[in-house]
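Undergrad: A predicted structure for the sequence below; I have some questions about it.
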2 protein chains.
Amino acid sequence: MKSQAPPSPAVKRLSLYLRELERLSAEGVDKVSSRRLAESLHITDAQVRKDLGYFGQFGRRGVGYGVDRLIHALRRILGTDKTWNVIVVGTGDLGRALLRYRGFARRGFRLVAAFDVSRGKVGKRVGDVPVYHIDELPRVVRRAKVKLAVIAVPPEAAQEVTDLLCSTGIMGILNFAPTTLETPDGVTVGLVDIAAHLEQLSFSAANSQ
Amino acid sequence: MKSQAPPSPAVKRLSLYLRELERLSAEGVDKVSSRRLAESLHITDAQVRKDLGYFGQFGRRGVGYGVDRLIHALRRILGTDKTWNVIVVGTGDLGRALLRYRGFARRGFRLVAAFDVSRGKVGKRVGDVPVYHIDELPRVVRRAKVKLAVIAVPPEAAQEVTDLLCSTGIMGILNFAPTTLETPDGVTVGLVDIAAHLEQLSFSAANSQ
């Protein structure tokens, strides 16, 4: 039983490259150098070439990368060239915030269902997303071929929800509960550790004073 | 004008080391090797020694690190050996979720005030935190010596809020709005990119099928 293997830094940077490339594409830019990508992330251009080189040959020396071609390649590598059906477990403040979050659809993630145990919430919708009783989870996951789930339940319920998700064939779990989850091999857990983000800011503030 | 310089990977790992050390301490473990810390993060023990060595000399060869001593050292480095007053701007679903989030206080962050523009929200409390009108922000920030702020407003309002925060002497901003913020030098922005977290999971799922 292992869990919380952090995705490699190179894979994390693919997401950052993709954001920057999408921004450039929206501005009408069609070629970009590793140096420009590197500057936008405050890393070295050698690092950019190394990261991308791990996944293929995308640029030409002296010409750079074709922006739209690299966007397509990164989406294919990240798996977001197709759309993933995603569920949210828990419809408290955080669950509702996620269900109304506007940043998912254009990034390849479709929220298809939410789950709760409260009879007052089940049967309603949050944004466009229907809320089911947690007992319905295995049926909905199988029918909609859901592979990714977001956990937004209280910490003390998070492991039980995780066990249920793993039993249905979920492959990736994004965990907002401030707790560590045990999962079987083959299930990746991403932890959104909000306090750790604040620590990075306090580090900067403490070390610039 | 620069923004979103990602904190260095080594500083990010300090937060992960600290979590693991706190877990070990709670279990009564008093010494830990770089190898054990490395295994918990799925990195090499040389990387652990290099990361920590950047900030000082904490362990002894063959003996390892004193868990509580290293916890204290990491908190001091991260600036969380003291408590930071933090504000949340925006009290929609996400803002309320953050204001009720239970993972902040024990990590050195005290939520002291929230801000909104809606007259129906101002003057109330979310959890224990009072909600003020945004016009009160400069006064509250100065009085409570707030250096860190969390932005949980709609994307189209995020830059305006950022400009206001920067004018009051805020040094770190955690941004949940799916948008890029421009800040002056000396203000660090952390972006919580939830879709990027999902991309890491879709990468794992797509590449294990």
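TA: Everything's here; your move.
Undergrad: close to chain B, is the single longest helix found in chain A?
TA: Counting by DSSP state H, the longest helix found in chain A is helix A:9-26. Yes: counting by CB under 8 Å from any CB of the partner chain, chain B has neighbours in helix A:9-26: A:9, A:11-12, A:14-16, A:18-19, A:23. Every C-beta, even on glycine, is put in place using the N, C-alpha and C of the backbone.
Undergrad: now that helix: how far from the chain's centre is it?
TA: Centroid displacement of helix A:9-26 relative to its chain, using CA atoms, centre = their mean, to the nearest Å, is 13 Å.
Undergrad: pLDDT weak spots in chain A?
TA: For chain A, applying pLDDT under 70 flags the ranges A:1-7, A:209.
Undergrad: where do the helices sit along it?
TA: Going by DSSP H, chain A shows helices at A:9-26, A:34-41, A:45-53, A:67-78, A:93-100, A:137-143, A:155-167, A:194-206.
Undergrad: and B:Arg125, which of the ones you listed is closest to it?
TA: Closest approach to B:Arg125 among these (CB to CB): helix A:93-100, 14.1 Å.
Undergrad: taking helix B:93-100 as reference, get the angle to that closest one.
TA: Interaxial angle of helix A:93-100 relative to helix B:93-100 (axes from the mean of the first three to the mean of the last three CA atoms, to 10 degrees): 160 degrees.
Undergrad: per-domain residue ranges of chain A.
TA: With domains defined by automatic domain parsing, chain A comprises A:9-78, A:84-195.
Undergrad: how far does the shortest one stretch from one end to the other?
TA: Terminal residues of domain A:9-78 are spaced 13 Å apart (CA to CA, to the nearest Å).
Undergrad: residue nearest the centroid of chain A?
TA: Closest to where the C-alpha atoms of chain A average out (CA atoms, centre = their mean) is A:Leu174, at 7.2 Å.
Undergrad: distance-wise, check that residue relative to A:Gly186.
TA: 16 Å (CB to CB, to the nearest Å).
Undergrad: kindly point out the strands partnered with the strand ranked longest in chain A and how each is oriented relative to it.
TA: Assignment by DSSP state E gives strand A:109-116 as the longest strand of chain A. Here strand A:109-116 is paired, per DSSP bridges, with strand A:84-89 (parallel), strand A:129-133 (parallel).
Undergrad: need the winner for burial among those.
TA: Ranked by mean neighbour count, the strands paired with strand A:109-116 are led by strand A:84-89 with a mean of 24 (mean count of other CB atoms under 10 Å in any protein chain shown).
Undergrad: angle of that one against helix A:155-167?
TA: Relative orientation of strand A:84-89 versus helix A:155-167 (the same axes, to 10 degrees): 140 degrees.
Undergrad: still on that earlier bit, any chance of the helices of chain A in a markdown table, plus mean neighbour count?
TA: Listed next are the helices of chain A as a markdown table, based on neighbours: other CB atoms under 10 Å in any protein chain shown:
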| stretch | mean neighbour count |
| --- | --- |
| helix A:9-26 | 18 |
| helix A:34-41 | 18 |
| helix A:45-53 | 17 |
| helix A:67-78 | 19 |
| helix A:93-100 | 23 |
| helix A:137-143 | 16 |
| helix A:155-167 | 17 |
| helix A:194-206 | 23 |
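Undergrad: now do stretch A:96-110: distance from first to last residue.
TA: Across stretch A:96-110, first to last residue, CA to CA, it's 15 Å.
Undergrad: got it, and stretch A:43-58?
TA: Stretch A:43-58: ends 19 Å apart by CA to CA.
Undergrad: and the contacts of that stretch?
TA: With CB atoms under 8 Å, 6 or more residues apart in numbering or on different chains as the contact definition, stretch A:43-58 has outside contacts at A:10, A:13-14, A:17, A:33-35, A:37-38, A:41, A:59, A:65, A:69-70, A:73, A:77.
Undergrad: what does stretch A:193-209 give?
TA: Contacts of stretch A:193-209 (CB under 8 Å, 6+ apart): A:176, A:178, B:7, B:11-12, B:14-16, B:18-19, B:77-80, B:84, B:86, B:98, B:101, B:103-104, B:107-109, B:147-148, B:150, B:171-174, B:186, B:188, B:190, B:192.
Undergrad: what's the answer for stretch A:16-28, then?
TA: Applying CB under 8 Å, 6+ apart, the set of residues contacting stretch A:16-28 is A:32, A:37, A:40-41, A:48, A:51-52, A:67-68, A:70-71, A:74-75, A:78, B:6, B:180, B:193, B:196, B:199.
Undergrad: need the contact list for A:Ile134.
TA: A:89, A:115-117, A:161, A:164.
Undergrad: what do you get if the cut-off is 10 Å, keeping everything else the same?
TA: Under the criterion of CB atoms under 10 Å, 6 or more residues apart in numbering or on different chains, the neighbours of A:Ile134 are A:89-90, A:115-118, A:122, A:153, A:157, A:160-161, A:164.
Undergrad: related to what we said a few turns ago, I'd like the helices of chain A laid out as a markdown table, including distance to B:Val140.
TA: A markdown table is the format used below for those (distance: least, CB to CB, whole Å):
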| stretch | distance to B:Val140 |
| --- | --- |
| helix A:9-26 | 33 |
| helix A:34-41 | 34 |
| helix A:45-53 | 41 |
| helix A:67-78 | 41 |
| helix A:93-100 | 22 |
| helix A:137-143 | 43 |
| helix A:155-167 | 30 |
| helix A:194-206 | 18 |
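Undergrad: pretty sure A:Ala157 is touching A:Leu181, no?
TA: No: using CB atoms under 10 Å as the test, A:Ala157 is too far from A:Leu181 to be in contact (11.4 Å).
Undergrad: closest to chain B among the contacts of A:Ile134?
TA: Set against chain B, the nearest of the contacts of A:Ile134 by CB to the nearest CB is A:Gly90 (10.2 Å).
Undergrad: list the contacts for A:Leu181?
TA: Here A:Leu181 is in contact with A:3-4, A:151, A:158-159, A:161-163, A:165-166, A:173, A:175, A:187, A:189, A:191 (CB under 10 Å, 6+ apart).
Undergrad: A:Arg36 too?
TA: Contacts of A:Arg36 by CB under 10 Å, 6+ apart are A:20, A:24, A:29, A:45, A:48, A:64-65.
Undergrad: and the gap between it and B:Thr183?
TA: As for A:Arg36, its distance to B:Thr183 is 21 Å (criterion: CB to CB).
Undergrad: please apply the same query to A:Gly108.
TA: From A:Gly108 to B:Thr183 the distance is 29 Å (CB to CB).
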